[in-house]
Structures are given as structure tokens and as C-alpha cells.
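Student: pasted the sequence and its predicted model underneath.
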Amino acid sequence: MTTDNVLPASLQAHPGLSVPLGFSCGVWRATVNADHLPDLVDRLLHGLGFTLLLAAGEDRRRSSGRMHVHYLCGRHSSHELLHLDVAIAGDAPAIPTLAAQSFPASRFEREMRDLIGITPAGHPDPRPLVRHGFWPKDFYPLRDDAVLPDFGDRGQPFPFTPVQGDGVYEIPVGPVHAGVIEPGHFRFNVLGETILKMRARLYFTHKGTEKLFVGKKPADGVALAERVSGDTSAGHALAYCQAIENLAGLALPGRAAAGRVVLLELERMYNHVGDVGAILADTGFAVGQAHALRVREGLLRLNGRLTGHRLLRGVMVPGGITVPVDDAGVVPELRRLVADVNEIVEISLANTLVTDRLDETGQLPVSVARDFGVVGYVARGCGLPHDVRVDYPFAAYGTLNPTAIVEETGDVRARMSVRVREIAESLALIDRAIASSPADGALRADVGPLPAFTMGFGLVEAWRGRLAHAVMADNAGLLHRVKIVDPSYFNWPALARALEDNIVPDFPLCNKSFNQSYSGNDL
């Protein structure tokens, strides 16, 4: 991350900045006047090449009588992060909407309106995003003084736009699905078998995850972070730990930095292998999934031997890792498993039953991907080379030369191909990380006191894509606010656009090629 004066020089004169830009904890920071926020963000996003990574409301009425809204923007071309802090009145909190500048911003604003009661003035969509239909109107669970009320489901329908047109009808799917996946409702508007539109309704199992962090000691938040989305235990734990370390200004020991690369890439490998198999199963090629599950099980057993946990839990801690994971003996075993994956894919793609279903199915236009701010293999499958390991290097990635794997067609085949190629890339990164790891280096460093009411950030390229954690402590050193943005938050809305003009039987295949997390989204 740069520390020169390029960024301040380009923004210093903007009237919305009420204090000069400063650089602390690896992030440019500025206090922003709310009235000038839309113009400032428009300049950042559309003039200076920044991307909105996170937005969060925060209740500080007990200490200052105010609420705050925080925006984290990033410019990958210069590896810069910019934190904008907007203080607003606590009695009737409101900010001008950024919906015209950014679709992701419009969804963050709806989330803040539902959870903390900050009104985005002028927002074009009055519908709830997170709020359950049976929550009392004055209940905002992320406010400091929120008390869980008694409430029950009164059966009000969600205000979906009704279907229109001769021969157009609706197909409802869910929220209860076969298997053990979490609930989500998908409503298809179809003409014959062709999907005209699909609308998704999520947030059936809002768990209050961010509220559960409040009042905990920072070290005690790791176990909760690991459970945000169970298949991303290492990714979420790492992002949370990085946010703590960013706030503390901590330099990570080299062996810990290399070890974190190993853990994150092991998680990427077993999930990608599982997804490749599931995509093959949805084409009807069940034998491909059977062998992919065999390889996935081998990877999970390796995780267990290396760390003591198949899902890599209990290893990440603020300041480093708890056990060494730089055993060079794992590399030959990984090579054998990757060779198995490549053979499975080669055999599968030689079958026209598979390729006829993959090619040109669920195409997501690159313009839509860019506007929706999609991340991870969904973005890279559309030709967008977004990868935090390259754009904002963390852990030991800055010295390992990772490559952003990109495909151009934006269809199911492309999203599967990105996964297959990333499995090989993960093996190469693990090999280089272990080879570069200090043999007897420290595994962790002590984390000192955290500054009060300052926000620290952690960005990670998890297996689904970019995820972000923001952490703030109070005057007692306990957690005051934790904001989590799973990659699924950005990618779920794009699924509806990828389904347009496909047929209904292709929904499971398209959905699996996206494979977003209900749990990571429904915090």
C-alpha cells in the first residue's frame, strides 16, 4: 500500500472534507461532511478509479450523541484504501443516498436503514432488504439500546412486483429446499420455459451475527468469525484477525504470514474441488461428482492432519497462527490430488453431455458484473481481474506473485474453468509459501491495546471472492462494532441477471456455478 501524497493531492481541495486527509494504520482517512458526500463519492468512483468495498452504520450516541456512517473505498491500481467517516445526528439519523452513484451503495443503505435506522434520504427503493416482515417498525437491532421485542409472523407477503403480459406466469421455489442448505426464496417470471426475470428473497435466517460481537474481547471474536459461513472458516477468521492487526498497527511474523497463505489456499482448494463436482452433477454427469468428492475428502483429511480441524478452525488468531503449517511433506500429496482433479475434468469435458450444458449457459455480461460490483470467480469468469491477493496484497502474497485467473465468456463453463485453474494456482502458492517460510520463525506476535473508536479493516480473497471485516473497539478495549461483507453480498443479485433468457431447468446449474452463501449473506 502506498504512503506517498498522490491521494491527498487529488482530493485535498474537495469541499466535503472537513479535515485534511491523514494516513494511519495503512489506510487514508478523512472526516466527510454529509452534504458533500454524493459528489465526493462520485468523484472517487467515476473519476479516480475507486471501488466501494464496504459501508456500515455505527451507533455512538452513548459517548457522543452521534451516529456515524463509514465507507471503505479501494483503488487497486495503487493498492490504496480510503476510509470516509460521516458523523450524523443521533436523534433523526439520515444521510444523502448514493444510489445514483453505486448499486452496491444502494444496498448497503437499505441494510443500514433496516438494522440501525439510518435513513438514506432520496433512496429510490423503500422496500426492506434485511428487515423481517414481522419486526416492529421501531426495532433496529444494531442500535446500542436495542431490546429484542416479542413478535410473531403475521403472514404479510413481501411486495414482489407482479407478473405482467400474456402467457407470463410465476414459478415459486423455496424458501425451504431439499437437503441441508439454508432458506432462500426464488420467484421466476417465465414465458413457457424461458426465464424472463428472477427475483430472490433472502434473509430468512438473520442471526444477529454482527451484534453478537459487541462487548466481546477482540481475541474472543475469532470463533464467531469462523462461523459466519462454515465453508469459509479460514477466510473470515483471517479477515477478522487482519482488521484487529490493522487497528493495532501490528507487523506479522514472516512464518505466520506464510502459514496464513497455506491455510487460505487449502480452503480454496477443497471448496473449488467440491464445486467442480457439483457443477458436473447438475449436468447429469454424476460420476464426475463422485470422483470430485473423493478428492475433496482427501483434502479435508489433509487439513485435519495438518491443523487438527478439517475446516481449518482454531488456527487463526490475532497476531498470527497457533500451529505450524509449513510442512513440505504436504506438497507431494497435493500434487497427486490436483492431478486427480485435472484427470476428472479432462474426462468430463470430453463428454458432450457436459459441454452442451456448460457452454453459453448463465452468461453474465461484463457490464452487469461491473455495475453490480461482483467479486471472486464470478467476476473473473466475466473477464474482470479482481483479486485481493493482487490488488491489496496481504499475508505473504506480496512476495509470492499470485496470478488473477481470468476467463472471458461469463458463462457456467467460464466459472468452472476459473475454479479448475485456481486449484493449480493454489498448489503453486502453497509450494512457494512453504519454501519461503522461516524454518524456526515465530508463529504469532502480541497484539497491544486497540485505539478507541477507530476502525480497522481486513480484506481477504477468500475462495468465493473478496470479503471484508471492519472492527472498532470502545474505551474499555472491547468490541464496539464489527461489520462483515461476505462475497455473497455482492454476488447474489447478479445471479438474477445471469438467468435471464435461460430455461427453468438450467437454474440449478447456474445457481451452483455461482454457489453463494446464504449464511454469509444473512448475517
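Tutor: Yep, it's here.
Student: pLDDT on the longest helix along the chain, on average?
Tutor: For the chain, the helix with the greatest residue count under DSSP state H is helix 254-282. Averaging pLDDT along helix 254-282 gives 97.
Student: renumber starting at 2 from here on
Tutor: Yes, from this point I'll number from 2; that puts the last item at helix 255-283.
Student: now for it, which elements pack on it?
Tutor: With contacts defined as 3 or more C-beta pairs under 8 Å, 6 or more residues apart in numbering; DSSP states H and E, the packing partners of helix 255-283 are helix 234-249, helix 287-308, strand 321-322, helix 331-350, helix 353-359, helix 413-437, helix 508-515. For the C-beta atoms, the positions are set from N, CA and C on the backbone; glycine is no exception.
Student: among these, which comes closest to residue 465?
Tutor: Residue 465 sits nearest to helix 234-249 of all the helices and strands packed on helix 255-283, at 8.0 Å, using C-beta to C-beta.
Student: tell me the mean pLDDT over that closest one?
Tutor: Mean predicted confidence for helix 234-249 is 97.
Student: domain parsing for this structure?
Tutor: Domains of the chain are assigned by automatic domain parsing as 7-122, 210-522.
Student: any chance of those domains in CSV, plus distance to residue 150 and mean neighbour count?
Tutor: CSV is the format used below for these (distance: least, C-beta to C-beta, whole Å; neighbours: other C-beta atoms under 10 Å):
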stretch, distance to residue 150, mean neighbour count
domain 7-122, 14, 18
domain 210-522, 14, 21
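Student: surely residue 110 touches residue 121?
Tutor: Yes. Contact between residue 110 and residue 121 holds when scored by C-beta atoms under 8 Å: they sit 3.7 Å apart.
Student: can you tell me the helix or strand for residue 43?
Tutor: Per DSSP states H and E: residue 43 is located in helix 38-47.
Student: what packs against the next helix or strand along the chain from that helix?
Tutor: Counting by DSSP H and E, the next helix or strand C-terminal to helix 38-47 is strand 52-61. Using 3+ C-beta pairs under 8 Å, 6+ apart, the elements in contact with strand 52-61 are helix 38-47, strand 67-76, helix 104-116, strand 467-474, strand 480-486.
Student: what sits up against the next helix or strand along the chain from the last one?
Tutor: It refers to strand 480-486. Toward the C-terminus, strand 480-486 is succeeded by helix 488-500 as the next helix or strand (DSSP H and E). Contact with helix 488-500 is made by 104-105, 108, 189, 196, 198-201, 203, 230, 363-366, 369-370, 373-377, 379, 411, 463, 465-468, 507-508, 511-512, 515, 517-519, 521-522, as judged by C-beta atoms under 8 Å, 6 or more residues apart in numbering.
Student: if we use 7 Å, what do you get?
Tutor: Residues outside helix 488-500 that contact it (C-beta atoms under 7 Å, 6 or more residues apart in numbering): 105, 196, 198-201, 203, 363-365, 369-370, 373-377, 379, 463, 465-468, 508, 511-512, 515, 517-518, 521-522.
Student: stretch 27-41 now?
Tutor: Contacts with stretch 27-41, where a contact means C-beta under 7 Å, 6+ apart, come from 2, 8, 15-20, 22-23, 81-87, 89, 96-97, 99, 102, 247, 458.
Student: can you tell me the SS state at the residue lying farthest from the centre of the chain?
Tutor: In the chain, residue 167 marks the outermost C-alpha relative to the chain mean, sitting 39.6 Å out by C-alpha atoms, centre = their mean. Following DSSP: H, G, I helix; E, B strand; the rest coil, we place residue 167 in the coil state.
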